[in-house]
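**Q** What would the 3D arrangement of this be:
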Amino acid sequence: MNFSAAPITFILIAVNVIVSLIGFSNADVIDKTIMWPYGIKREKQYYRFITSGFIHADFIHLLFNMFSFYYFGSAIEFYFSQYGLGGNVSYLLLYFLALIIADIPSYLKHQDDYNYRALGASGAVSAVIFACILFQPWGTILIYFIPMPFVVFAFVYLGYCIYMSKKNLGHVNHDAHLWGSLFGLIFTAVLIAVMSPQLFPDILQELLHPHFGR
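**A** Reported below is the predicted structural model:
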């Protein structure tokens, strides 16, 4: 792991880990930061759209999100800089806007439900994963020592989240994965169209010619 190669990614991971670890042993921290649509609507606690994205339900939830974010976030940090797409400014916009936008459907759906709570970096991580497959769909990630193309992992990841959303277990906002994924694709496509439209032919060629191990 090379911090200098992806400093923003490492900083975001560190903040997620630190805040989540604090929350694991401090229920008051969770209570004040968790996504709570009822409280947002009535108390104007809009900060929860952001703070809820830095706390997690348990170690497995944290590990899964941060493992995924490390692989794909470091790649996006490189691509946004290398291809003239706004660098770290665009990367941070992608991350934080995804946190907010991915939670809006849940907010609208549950704004009158006192008992609804949700937490996790789901929206931002999903946005980063689906942004990444635009640049390197056939890159590989090791899952239990089995190489899996990014594009396959992205849909496995999304399928898992949709399945878990239907089970409705705990406070993990699995719905945010779907909306975060869509936002990540749209945001990155628009970014490319505005700042580097010449990338589109190469992106299409890459997607249409599967290859593995790169």
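
**Q** the helices in this protein, which residues?
**A** With DSSP state H as the criterion, the chain has helices at 7-24, 27-33, 37-43, 48-51, 59-82, 87-110, 122-135, 150-167, 175-195, 200-208.

**Q** lowest-confidence stretch among those helices?
**A** When the helices of the chain are compared on average pLDDT, helix 150-167 comes out lowest at a mean of 76.

**Q** The residue nearest the centre of the chain: what's it in contact with?
**A** Centroid-nearest residue in the chain, with CA atoms, centre = their mean: residue 125, separated by 1.5 Å. For residue 125, the contacting residues are 65, 68-69, 72-73, 177, 180, taking CB atoms under 8 Å, 6 or more residues apart in numbering as the criterion. In short, each C-beta sits where N, CA and C put it, glycine included.

**Q** what two of those are the furthest from one another?
**A** With distances taken as CB to CB, the most widely separated pair in the contacts of residue 125 is 73 and 177, at 15.4 Å.

**Q** Can you give me the neighbour number for the nearest residue to residue 54 once chain neighbours are set aside?
**A** Once its chain neighbours are removed from consideration, residue 54 has its nearest residue in residue 19; the separation is 4.4 Å (CB to CB, 6 or more residues apart in numbering). Burial of residue 19 is recorded as 19 neighbouring residues (other CB atoms under 10 Å).

**Q** Could you measure from residue 19 over to residue 102?
**A** 18 Å (CB to CB, to the nearest Å).

**Q** what does residue 135 give?
**A** Going from residue 135 to residue 102 by CB to CB gives 21 Å.

**Q** just checking, residue 61 touches residue 120?
**A** Yes - in this structure, residue 61 is within contact of residue 120 by CB atoms under 8 Å, at 6.2 Å.

**Q** Give me the more crowded residue out of these two.
**A** For residue 61 and residue 120, the more surrounded residue by other CB under 10 Å is residue 120, and the numbers stand at 29 against 19.

**Q** State the phi and psi torsions of that one.
**A** Main-chain dihedrals, residue 120, degrees, to the nearest 10: phi 120, psi 160.

**Q** I'd assumed residue 60 was in contact with it.
**A** No - proximity of residue 120 to residue 60 does not meet the contact threshold set by CB under 8 Å, at 11.4 Å.

**Q** check contacts around the residue nearest to residue 54.
**A** 29, 33, 54-55.

**Q** Export the residues you listed as a markdown table, with columns for neighbour count.
**A** Converted to a markdown table, those look like this (neighbours: other CB atoms under 10 Å):
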| residue | neighbour count |
| --- | --- |
| 29 | 16 |
| 33 | 21 |
| 54 | 21 |
| 55 | 25 |
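
**Q** Closest one of these to residue 193?
**A** Distances from residue 193 to those, taken as CB to CB, are shortest for residue 54 (30.7 Å).

**Q** mind listing what the closest one touches?
**A** For residue 54, the set of contacting residues under the criterion of CB under 8 Å, 6+ apart consists of 15-16, 19-20, 33, 121.
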